[in-house]
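> quick one, structure for this:
(one chain, ligands or ions: 1)
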Amino acid sequence: MAQPSGQPLPWQMNFQDAASPVMEGLQDMHNLLLYIITGIALVVFLLLGYIFYKFHHRKHPNPIIFTHNTTLEVLWTTIPIIILIVIGIPSVRLLHKMEAPINAEMTIKAVGHQWYWSYEYPDAKNEGQHFEFDSYMIEEKDLKSGQLRLLDVDNPMVVPIDTTIRVLITAVDVLHSFAVPSLGIKRDAVPGRVNETWFSIKKPGTYYGQCSELCGAKHGFMPIAVKAVSKVEYQEWLKSKTNPALKPEESLNHREDLNKGHVIKKHKEKA
Ligand SMILES: [Cu+2]
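Predicted coordinates for the structure are as follows:
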């Protein structure tokens, strides 16, 4: 059986499998840097060893006294410049890929709350209102087999595969951070500000992340689950969510005691 991707595994040594073009780029960048830094470390260690051996005071009792060597100086200036260019070009390219505005096929807004996420689908109009729902962690006692402790949620963010999705990220109370490692996303959710990122997923599956900005007592209990499904399945899910007759509301009831004083818009609209 293939290893599940998009989630941490016991004794995992490396990144989670890349599920988005940005994460592929980040992993390539990381690997490139790993080669370069290993090379630099090796050269420095070998040089040091060579110097210890060759210029040991017993072997080389009378030090040579000189202060300049043009060849050496040219070399130790140009080689680092070349290394920095080799790092800099792909780095800036990747940064551009991550930050430049994209032609998104759809938009989702992720809003951080103490302590859960809510997702809005402004493209999915339902009688003039955009459609949104809350996403709460499943408590340990309610976990079904196969569900991940501290990671699975009652209502994941559902997205279609092979679609460029813009994610707008904000918060309503304190700083949170929307982070999904396998998608290469980590963006602060700031009250009164909208941050933007994007992803596109090739493989159906669930990709997990966590709030990554200390936001209060239950900071560790507001995970993110992004469920990628085929475009057809996505349309079906959207229909079931936006059709009020079929709308599953099972997760709304336990909201109120968790959020005393915080009235969710959806409640108001329904009343
Ligand atoms: Cu948070």
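> on the three-state scheme, Leu9 is what?
Under the three-state scheme (DSSP: H, G, I helix; E, B strand; the rest coil), Leu9 adopts coil.
> any idea how far it is from Tyr53?
45 Å (Cβ to Cβ, to the nearest Å). C-beta here means a position set from N, CA and C on the backbone, and glycine is covered the same way.
> and for Asp142, the neighbour number?
10 (other Cβ atoms under 10 Å).
> make that Ile82, sorry
For Ile82, using other Cβ under 10 Å, the count is 9.
> and what of Ser200?
Neighbours of Ser200 (other Cβ under 10 Å): 20.
> shouldn't Val226 be within a strand?
Yes. Val226 sits within a strand when classified using three-state DSSP.
> was I right about it contacting Leu183?
Yes. With contact defined as Cβ atoms under 8 Å, Val226 counts as touching Leu183 (6.9 Å).
> now do the shared contacts for those two.
Shared contacts of Val226 and Leu183 (Cβ atoms under 8 Å, 6 or more residues apart in numbering): 201, 207, 209.
> okay, and the second one sits in which element?
Which is Tyr207. Taking DSSP states H and E as the definition, Tyr207 sits inside strand 205-211.
> pLDDT of that strand, averaged?
Mean pLDDT, strand 205-211: 96.
> what's next to that strand, contact-wise?
Outside strand 205-211, the residues that reach it (Cβ under 8 Å, 6+ apart) are 4-8, 19, 112, 115, 117, 148, 150-152, 156, 176-183, 185, 201, 219-220, 222-228.
> intersect the residues you listed with the contacts of the ion.
When contact is defined as Cβ under 5 Å from the ion, those meet the ion at His176.
> generate a ChimeraX selection restricted to the buried subset of the contacts of strand 205-211.
To isolate in ChimeraX the members of the contacts of strand 205-211 that are buried, counting by 16 or more other Cβ atoms under 10 Å, one can use:
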select :6,7,19,112,115,117,148,151,152,156,176,177,178,179,180,181,182,183,185,201,219,222,223,224,225,226,227,228
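> helices of the stretch 1-150 of the chain, residue ranges please.
21-54, 70-99 (DSSP state H, counting those that start in this stretch).
> in CSV: the ones you listed, plus distance to the ion.
Formatted as CSV, these follow (distance: least, Cβ to the ion, whole Å):
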stretch, distance to the ion
helix 21-54, 22
helix 70-99, 22
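> please identify which of those helices is closest to Arg193.
Nearest of the helices of the stretch 1-150 of the chain to Arg193, taken as Cβ to Cβ: helix 70-99 at 15.6 Å.
> in CSV, list the helices of the stretch 1-150 of the chain along with mean pLDDT.
CSV is the format used below for the helices of the stretch 1-150 of the chain (pLDDT from 0 to 100):
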stretch, mean pLDDT
helix 21-54, 96
helix 70-99, 95
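> phi, psi of Gly184?
phi 70, psi 30 (degrees, to the nearest 10).
> report the central residue of the protein.
Ile185 (2.4 Å; Cα atoms, centre = their mean).
> which one is it nearest to, not counting chain neighbours?
Distance criterion Cβ to Cβ, 6 or more residues apart in numbering; nearest residue to Ile185, sequence neighbours excluded, is Thr197 at 5.4 Å.
> whichever strand or helix holds the one you found vs strand 205-211, what angle?
Using DSSP H and E, Thr197 sits within strand 195-199. Put simply, strand 195-199 runs at 160 degrees to strand 205-211, going by axes from the mean of the first three to the mean of the last three Cα atoms, to 10 degrees.
> thinking again about what came up before, what are the pairing partners of the strand holding Tyr207, and which direction each?
Strands adjacent to strand 205-211 in the sheet, as given by DSSP bridges, are strand 176-180 (antiparallel), strand 224-229 (antiparallel).
> with mean pLDDT added, can I get those in a markdown table?
Formatted as a markdown table, these follow (pLDDT from 0 to 100):
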| stretch | mean pLDDT |
| --- | --- |
| strand 176-180 | 97 |
| strand 224-229 | 96 |
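> same list (those) but as JSON lines, adding distance to Glu73.
Formatted as JSON lines, the strands paired with strand 205-211 follow (distance: least, Cβ to Cβ, whole Å):
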{"stretch": "strand 176-180", "distance to Glu73": "45"}
{"stretch": "strand 224-229", "distance to Glu73": "52"}
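> between the ones you listed, which one is closest to Glu139.
Using Cβ to Cβ, these put strand 224-229 closest to Glu139, at 14.7 Å.
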